[in-house]
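Peer 1: what follows is a predicted structure for the sequence shown.
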Amino acid sequence: FLFYFFYDKNDILIYIGKSVNIKQRVKQHFFGKDRKSIKIQMFTKKIKYEITGSELIALLLESELIKDFQPIYNRAQRKAVFMFGLYLKDYNNYKALVVDRIRENEAEITSFSSVKEAKDILFAITDKYHLCQKINGLYRTSGPCFQYQIKQCFGACIGIENVVDYNSRVLNFVTKNTIKNFTIFFIVKGRTDDEKGLVFIKNGIYKGFGFCPIHEIESNYEKYIISKKDNKDVRRILIRHLISN
């Protein structure tokens, strides 16, 4: 992953982008016919780039840079829009993972920008943890869910699976995908083959990221971390990384 930066004639940063193929992506900007592309073509006088290695560090850096510099042509990205959340609810004593609109007075497990994205990820979670599509609101039926028919659901949808067993799998998912009280280094791809990327969470708080030699030992990781600010958008990025991995 690489970042590219467009500057105007006064050396003011006007756009930040990221891509795995910077040449192709920049060409799209300069040959595009939409209003935004035309303005970028008119005002860009200088281009810089920076290698980040992994998508996780790219997402964290993008969130930070857009907040700090507020480039004029990143207007839509200045404030991330997460309209839907994943919530823990009750369904006949079984714990359900349900997609719903974000509610300010209730903390979501994770959040999404669209219903499609939310349901795609919830289908994957339901499959991985052998949960029930009906309980999680993904399969509407008065009888057993489709997963039960192919023996991937153990019958919670018709009340025959032990509630404690089912709920323990749900809570296992929630525990693994909550950064509260976590102290962990995420190890990701570095900028070169000789290094690895590090993202550090300490006691549930995002501390920053950095890069170290590929064979560095864990006890030395923290000295490579560049301090960064923790915020809600960063936490959403980190939780989504946990769920995806």
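Peer 2: Great, that's in hand. Numbers count the residues shown, from 1 in each chain.
Peer 1: where along this protein do the helices fall?
Peer 2: 22-31, 35-43, 55-69, 115-128, 146-149, 163-176, 232-244 (DSSP state H).
Peer 1: turn these into a markdown table, columns for mean pLDDT.
Peer 2: Output for the helices of the chain, formatted as a markdown table (pLDDT from 0 to 100):
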| stretch | mean pLDDT |
| --- | --- |
| helix 22-31 | 92 |
| helix 35-43 | 94 |
| helix 55-69 | 91 |
| helix 115-128 | 93 |
| helix 146-149 | 87 |
| helix 163-176 | 95 |
| helix 232-244 | 86 |
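Peer 1: can I get these in JSON lines with mean neighbour count and distance to Arg75?
Peer 2: The way it works is simple: take the backbone N, C-alpha and C, and place the C-beta from them, glycine included. As requested, the helices of the chain are exported to JSON lines (neighbours: other CB atoms under 10 Å; distance: least, CB to CB, whole Å):
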{"stretch": "helix 22-31", "mean neighbour count": "13", "distance to Arg75": "15"}
{"stretch": "helix 35-43", "mean neighbour count": "14", "distance to Arg75": "9"}
{"stretch": "helix 55-69", "mean neighbour count": "19", "distance to Arg75": "10"}
{"stretch": "helix 115-128", "mean neighbour count": "15", "distance to Arg75": "22"}
{"stretch": "helix 146-149", "mean neighbour count": "17", "distance to Arg75": "43"}
{"stretch": "helix 163-176", "mean neighbour count": "14", "distance to Arg75": "35"}
{"stretch": "helix 232-244", "mean neighbour count": "18", "distance to Arg75": "16"}
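Peer 1: out of these, which is closest to Glu216?
Peer 2: helix 55-69 (16.4 Å; CB to CB).
Peer 1: can you name the residues bridging to the closest residue to Tyr73 other than its chain neighbours?
Peer 2: By the measure of CB to CB, 6 or more residues apart in numbering, the closest residue to Tyr73 outside its immediate chain neighbours is Tyr15, 4.2 Å from it. Note on Tyr15: beta-bridge partners by DSSP bridges are Phe6.
Peer 1: list the contacts for Tyr15?
Peer 2: Phe5, Phe6, His29, Ile40, Thr44, Pro71, Ile72, Tyr73, Asn74 (CB atoms under 8 Å, 6 or more residues apart in numbering).
Peer 1: save those as a markdown table, and put in distance to Lys176 too.
Peer 2: Converted to a markdown table, the contacts of Tyr15 look like this (distance: CB to CB, whole Å):
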| residue | distance to Lys176 |
| --- | --- |
| Phe5 | 36 |
| Phe6 | 39 |
| His29 | 39 |
| Ile40 | 41 |
| Thr44 | 44 |
| Pro71 | 36 |
| Ile72 | 40 |
| Tyr73 | 38 |
| Asn74 | 33 |
